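*Asks:* Here is a sequence with its predicted model. Questions after.
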Amino acid sequence: MLQRPRRNRKSEVIRQMVQETHVSAANLIFPLFIVDGTFQKTEVASMPGIFRYSIDNLLREIESCMKLGLNSFDLFPNIDDSLKDTMATESHREESLYLRAIREVKKNFPEACVVTDVAMDPYSSDGHDGIVKNGEILNDETLEVLGKMALAHAQCGADIIAPSDMMDGRVGYIRRVLDENGFTDVSIMSYSAKYASAFYGPFRDALNSAPKFGDKKTYQMNPANQREALIEANLDELEGADFLMVKPALAYLDVIKLIKDNTELPVAAYNVSGEYAMLKAAAQRGWLNEQRATTEVLTSIRRAGATAILTYHAKEVLENKWL
Ligand code: PBG
C-alpha cells in the first residue's frame with residue numbers, strides 16, 4: 001500500500017496538525033432570553049442551563065461571558081401577554097423591555113456585538129411573525145412594522161439586525177429604512193433559509209410565543225426543499241444582507257453547504273433550541289458523552305460551511321474549555 005491514511009491519525013499532535021475545521025469563541029453568538037422585573041433568573045424547563053434574565057442579571061451574564069471571550073449576543077424578549085396586540089406595538093415602544101435591554105447592554109458593554117431579533121411573534125397576540133387578517137399572514141403590511149422595529153433597535157445601538165420573520169422583501173425594506181435614517185453601518189444578518197421546524201418548540205416555551213392558531217408554513221420553508229433556499233439566499237444578498245443564515249442547523253447541514261458554495265457572504269447557522277434540548281436530555285440520562293457530542297455538533301456546523309454559529313452551548317463550551 002502506498003497510501004495509508006491512518007498515518008495522519010497516529011498521534012494526537014499529528015491529528016491536530018491535520019485538523020481541517022476549528023470552532024472558537026470568535027465564531028459563536030449566544031442567544032439570551034430577557035424578562036421584565038429585577039433579580040429574575042428562571043430556567044427554561046425544556047432547556048436545562050438556559051435562563052430568562054431580567055436586565056440587571058442579563059448584564060451580569062454578559063459580563064461573565066465576555067470574560068470567557070464570548071462577545072456576541074442575540075437577545076430575545078419574553079413579553080407579558082397583557083402587552084401583546086395584533087400589531088405588535090410593544091415591539092417599537094420606546095420604553096419596552098427589549099429596547100431598554102439593548103440600550104443597557106450597549107451602554108455597559110459598548111464593545112459587545114448585539115444582534116437583535118426582528119419579527120412580530122414575541123409581541124403578537126396571534127403569536128405569528130406577521131400581521132394576521134382573516135387567518136392570513138399579511139406580507140407587505142408587516143414590512144412596515146418590521147421597519148419600525150429595526151429602526152428602534154438601531155437607535156438603541158444594535159450592531160446587527162436579524163430579521164427572523166421570513167416575509168418577502170424584508171431585507172431590502174429594512175436596509176432602506178436603516179439607510180434613510182443614517183444607520184448605514186448597522187448590519188443585517190438575514191434568516192435566509194428558515195424552515196418550518198419542530199425544533200423551535202423549546203424556544204416558544206421560553207418566550208411563550210407559540211402561534212395561537214395554525215402553523216408558520218405559509219412563511220417558513222418546507223423542510224423538504226433545498227433549491228428554494230437558494231432563491232431566498234440570492235434575494236437576501238441582492239437586497240443588501242451582510243450575513244445569510246440557515247436555521248435550524250443540524251438537520252440542514254446540506255443547506256448550509258449549498259448556500260456557502262453559492263455566496264461570498266459569510267454564512268451563519270442557528271443551532272436551535274430543540275437541537276440543544278435533545279442533546280441535553282440524552283446527556284442528563286447518561287446516554288451521550290456531553291462534551292464530545294456538543295463539540296462534534298458545533299464542529300459539524302462549521303465543517304458544513306457556517307462562519308458564525310448561534311448556539312445555546314456557547315457559554316458552556318468556553319466555561320468548560322471544551323473547544
Ligand atoms: C421567531 C423565532 C423563532 C426562533 C428564533 N426566532 C421561532 C419561530 O419561528 O417560531 C427559534 C430559535 C430556536 O428555536 O432556538 N421569529
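*Replies:* Everything's here; your move. Numbering: from 1, shown residues only.
*Asks:* This structure: strands as residue ranges?
*Replies:* Counting by DSSP state E, the segments of the chain that form strands are 28-34, 41-44, 47-53, 72-77, 113-118, 131-133, 136-138, 160-163, 187-194, 243-247, 267-271, 308-311.
*Asks:* Check the stretch 51-200 of the chain for the residue nearest the ligand and tell me.
*Replies:* Ala119 (3.4 Å; C-beta to the nearest ligand atom). Any C-beta I mention is one placed from the backbone N, CA and C, and that applies to glycine too.
*Asks:* wait, what's in contact with that residue?
*Replies:* Shown in contact with Ala119 (C-beta atoms under 8 Å, 6 or more residues apart in numbering): 129, 146, 163-165.
*Asks:* what's the answer for Lys260, then?
*Replies:* So Lys260 contacts 267, 304-306 (C-beta under 8 Å, 6+ apart).
*Asks:* any idea which of the residues you listed is closest to the ligand?
*Replies:* Using C-beta to the nearest ligand atom, those come closest to the ligand at Ala306, 15.1 Å.
*Asks:* I'd say that closest one and Leu250 touch.
*Replies:* No - the criterion here is C-beta atoms under 8 Å, and Ala306 misses it with Leu250 at 11.1 Å.
*Asks:* So for these two, which sits in the more crowded spot?
*Replies:* Ala306 (27 against 18; other C-beta atoms under 10 Å).
*Asks:* Kindly list the main-chain dihedrals of the more buried one?
*Replies:* Main-chain torsions, Ala306, degrees, to the nearest 10: phi -80, psi 130.
*Asks:* Now, the contacts of Ala119 that are in helices?
*Replies:* Leu146 (DSSP state H).
*Asks:* so can I have CSV of the contacts of Ala119 showing neighbour count?
*Replies:* Formatted as CSV, these follow (neighbours: other C-beta atoms under 10 Å):
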residue, neighbour count
Asp129, 28
Leu146, 27
Pro163, 28
Ser164, 20
Asp165, 25
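*Asks:* tell me, which of the contacts of Ala119 make contact with the ligand?
*Replies:* Among the contacts of Ala119, the ones lying near the ligand by C-beta under 6 Å from any ligand atom are 129, 164-165.
*Asks:* And stretch 87-96, what's buried?
*Replies:* 87-88, 90-92, 96 (16 or more other C-beta atoms under 10 Å).
*Asks:* Actually, stretch 23-33.
*Replies:* 23, 25, 27-33.
*Asks:* which one of the residues you listed sits closest to Ala283?
*Replies:* When those are ranked by distance to Ala283 (C-beta to C-beta), Val23 comes first, at 18.2 Å.
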